[in-house]
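Predicted model and sequence follow; I will ask about them next.
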Amino acid sequence: MKAVVFEQHGGPEVLQYREVPDPKPGPNDVLIKVKAASANYNDIWARRGLPGVKFDMPHVSGSDAAGVVAAVGSEVRGVKPGDEVLVHPSMSCRACEACTSGQEFFCRDFKIWGFQTGPNDGGHAEYARVPAVNAVPKPKNLTFEQAASLPLVLMTAWRMLVSRAQVKPGDFVLVWGGAGGLGTMAIQICKVFNARAIAVVSSDEKAKRCQELGAAYVVNRSKQDVAEQVRNITNRRGVDIVFEHVGQATFPTSIRSLRWGGSLVTCGATSGFEAVTDVRFLWNKQLNFHGSHMGNKAELLAALRFVESGHIKPVIDRVLPLKEVPQGQELMEQDKVVGKLVYVPEAA
Ligand SMILES: [Zn+2]
């Protein structure tokens, strides 16, 4: 099959579109003919390489995919060839104490599919092999492109806001990167819970998209001061929740924007890991800091119900042929993407 693969870390030039061996499903696996896959920032982290993280080469990225089941292993029940599915990208043993208590991200075998799996084990390919428990029925109201755009960002944003920060009606939620993959989901989740998203964006075009998605307020950080806008919008009280994933560049503003007793929840740090925290605010204002990483299958399924009901909509920037992954990664690195980039294999 054809896949986008790299054998050494570097810039987009290390990505090759070429033949790799077809995946072989084990007894508990399904083989999916990929109809669409999507782009995540972790594709770029893997390609660049991360200190202390070993990637199996050749590496196929892609933690989101949707397609049609082409074959199932001998032990698989409940999924059959022809089923339309999307991939739940959290891989774990499904048997240990962490897994059986709904905390699969604490499993000793936990891996993000298409990021930590390999060799040749990700969604940017014509076929994908995943454990049958990771194949989730595709919502019927979605195209394959729409379905492939959702799982990782939807589940991550849902866990951050609903499970960790416990968003409530009326809450002010400061959403960094409002027009990005995570941000567009966060805005819509806030709306589901009758919370008020304050979306931070870098252009007027992105501001418009966030308003269409239901952001109560939008701050254009290229011409407005975020902390000052938050003070104005919340009448000096501060926000109940900050939705963080930028890190170093935004952390001090995030902390300053919280109300007394407010919660910061973070799932990443695209601008750098050395985020400064003035701990006086932490104790004096009795702030809550929550780390969050991916989500469990129940969280994905809970969030997908709001997709089926039409309350949460996929946001796709553009659909590219699979072989254009290098171009897609450059667009993401230049911050030119609204919502998600989707890749479609030639034979899909
Ligand atoms: Zn486990």
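Great, that's in hand. Just so you know, these numbers come straight off a predicted model, no measurement behind them.

For stretch 2-15, which outside residues touch it?
The contact list for stretch 2-15, computed with CB atoms under 8 Å, 6 or more residues apart in numbering, reads 16-20, 47-49, 55, 57-62, 120, 122, 124-126, 322-323, 325-327, 329-330, 343, 345-347. Just so you know, the C-beta spots here come from the backbone N, C-alpha and C atoms, and that holds for glycine as well.

what are the ranges of the helices in the chain?
If DSSP state H is used as the criterion, the helices of the chain fall at 41-48, 97-100, 144-148, 151-158, 181-192, 204-213, 226-233, 251-257, 279-284, 297-308, 325-333.

Just send the ones you listed back as TSV, with distance to the ion too.
As requested, those are exported to TSV (distance: least, CB to the ion, whole Å):
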stretch	distance to the ion
helix 41-48	21
helix 97-100	3
helix 144-148	26
helix 151-158	17
helix 181-192	25
helix 204-213	35
helix 226-233	40
helix 251-257	32
helix 279-284	32
helix 297-308	12
helix 325-333	31
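
could I get the ones you listed as a markdown table with distance to residue 88?
A markdown table is the format used below for the helices of the chain (distance: least, CB to CB, whole Å):
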| stretch | distance to residue 88 |
| --- | --- |
| helix 41-48 | 15 |
| helix 97-100 | 13 |
| helix 144-148 | 12 |
| helix 151-158 | 6 |
| helix 181-192 | 16 |
| helix 204-213 | 24 |
| helix 226-233 | 34 |
| helix 251-257 | 29 |
| helix 279-284 | 34 |
| helix 297-308 | 5 |
| helix 325-333 | 22 |
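
Just put those in TSV and tack on mean pLDDT and mean neighbour count.
As requested, these are exported to TSV (pLDDT from 0 to 100; neighbours: other CB atoms under 10 Å):
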stretch	mean pLDDT	mean neighbour count
helix 41-48	96	20
helix 97-100	97	15
helix 144-148	98	25
helix 151-158	98	27
helix 181-192	98	27
helix 204-213	97	18
helix 226-233	98	17
helix 251-257	97	21
helix 279-284	96	11
helix 297-308	98	18
helix 325-333	97	19
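
Quick one: residues contacting the one residue in the stretch 201-348 of the chain that gets nearest to the ion.
As assessed by CB to the ion, the ion sits closest to residue 296 within the stretch 201-348 of the chain, at 11.1 Å. Contact analysis of residue 296 by CB under 8 Å, 6+ apart lists 90, 102, 103, 104, 105, 159.

Find the residue ranges of the stretch 101-250 of the chain scoring beneath the pLDDT cut-off.
For the stretch 101-250 of the chain, no stretch has pLDDT under 70.

Tell me the residues of it that contact the ion?
residue 107 (CB under 5 Å from the ion).

Residue of the stretch 101-250 of the chain nearest the ion, please.
For the stretch 101-250 of the chain, CB to the ion, closest residue to the ion: residue 107, 3.0 Å.

what's near enough to touch the closest residue to that residue other than its chain neighbours?
Residue nearest to residue 107 in three dimensions, not counting chain neighbours: residue 92, with 3.7 Å by CB to CB, 6 or more residues apart in numbering. Going by CB under 8 Å, 6+ apart, residue 92 touches 98, 99, 104, 105, 107, 109, 110, 111.

so the second one makes contact with residue 105?
When you say that, I think you mean residue 99. No: checked against CB atoms under 8 Å, the pair residue 99 and residue 105 is beyond contact range at 9.6 Å.

do you know how far residue 134 is from residue 59?
19 Å (CB to CB, to the nearest Å).

ugh, typo on my part, it should be residue 245
Using CB to CB, one gets 23 Å for the distance from residue 245 to residue 59.

quick one, which of those two is more surrounded?
For residue 245 and residue 59, the more surrounded residue by other CB atoms under 10 Å is residue 59, and the numbers stand at 28 against 25.

Quick one, grab the pLDDT at that one.
On pLDDT, residue 59 comes in at 98.

Mind listing the residues bridging to it?
Listed by DSSP bridges, the beta-bridge partners for residue 59 are residue 6.

quick one: it and residue 115 touch, right?
No: using CB under 8 Å, residue 59 is not in contact with residue 115, being 9.2 Å away.

joint contacts of the two?
Here residue 59 and residue 115 have 46, 122 as joint contacts, going by CB under 8 Å, 6+ apart.
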